[in-house]
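> Quick one, what's the 3D model for this:
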Amino acid sequence: MIPSGYFDGLTGSTRNAKYNTLKLGQPYDKSVRDLRILARQAGVKIRGFHQMTIAEVARTTGLSPNQARMARQRETAEPFVFQNASSAKIRTFCRLADEHGYSAHRGGRFWHFSAAGCDKGLALSVLIDFYRIAWGSQIRTIALGDSGNDLPMLQLVDRPILMPKPDGSFDAEVTAKIPRIARAKDQRAETWGAAVLHELDPH
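Okay, here's the model as predicted:
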């Protein structure tokens, strides 16, 4: 979602008074429907945002009730959790998702089900292209993430920064793909901000 008028000549978007919206994935209702179908085919039980109460989302994410309510108002993709699924069953589900044009990636607290290729890397690459066209120059990019679903974004930018998980460990999938990635000391909100400010410092 990009503020109206922020980029001149923005095409391919749905417009309203405040924002231009570019939808890069499948419509939400279709994503949820296909998620449930594939879960049944794989023999796994899942619980998605569409099945959770506002209180449950708030409790799981640490969001306020109002933030949790807004988090459930989705346009594409669905966060979900597996319920007592074995590793083999999860692999079967991921394979089926891939065969049907979707991807399933583990995030910090949830798995994320979305159309294949419609990930944080795609969204960021579109935004980077907009800035390059608008400014007529190369730009320096920074991204912070803590999980495997952040990999497409972290691999795209000039300066990727890996945040630790609540237990202080770092995501093995990310470190395997980007061994020399910069690592933050903890996951507090202040640390995220400090990491960005450090990169912006001309030192």
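> any idea how far residue 136 is from the most centrally placed residue in the chain?
With distances taken as CA atoms, centre = their mean, the residue of the chain nearest its centroid is residue 120 (5.3 Å). As defined by CB to CB, to the nearest Å, residue 120 lies at a distance of 26 Å from residue 136. No exception for glycine: its C-beta is placed from N, CA and C like everyone else's.
> do residue 2 as well
From residue 2 to residue 136 the distance is 18 Å (CB to CB).
> neighbour-wise, which of those two wins?
Between residue 2 and residue 136, counting by other CB atoms under 10 Å, residue 2 is the more crowded of the two (15 against 7).
> That one: what's it in contact with?
Neighbouring residues of residue 2 by CB atoms under 8 Å, 6 or more residues apart in numbering: 10, 13, 19-22, 130.
> confidence score at it?
In this model, residue 2 is scored at 89, pLDDT.
> any idea how far it is from residue 115?
Separation of residue 2 from residue 115 (CB to CB): 20 Å.
> Also residue 19?
Shown here: residue 19 relative to residue 115, a distance of 21 Å by CB to CB.
> Settle it for me: which of these two has more neighbours?
Higher neighbour count among residue 19 and residue 115: residue 115, with 21 against 14, using other CB under 10 Å.
> Verify the stated contact: the more buried one with residue 104.
No: assessed by CB atoms under 8 Å, residue 115 is found out of contact with residue 104, at 11.2 Å.
> So residue 17 versus residue 4, what's the distance?
Distance from residue 17 to residue 4, counting by CB to CB: 7 Å.
> Which one of these two is surrounded by more residues?
The neighbour count for residue 17 versus residue 4, taken as other CB under 10 Å, is higher for residue 4 (13 against 5).
> next helix or strand past the helix or strand of the chain with the lowest mean pLDDT?
The helix or strand of the chain with the poorest confidence is strand 14-15; it has a mean of 74 (mean pLDDT, DSSP states H and E). Scanning forward in sequence from strand 14-15 by DSSP states H and E, the next helix or strand is strand 19-21.
> Pairing partners for that next one, with directions?
In the sheet, strand 19-21 lines up against strand 2-3 (antiparallel), strand 14-15 (antiparallel) (DSSP bridges).
> For these, give me a markdown table that also has distance to residue 160.
Formatted as a markdown table, these follow (distance: least, CB to CB, whole Å):
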| stretch | distance to residue 160 |
| --- | --- |
| strand 2-3 | 23 |
| strand 14-15 | 31 |
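> Which one of these lies nearest to residue 143?
Closest approach to residue 143 among those (CB to CB): strand 2-3, 17.9 Å.
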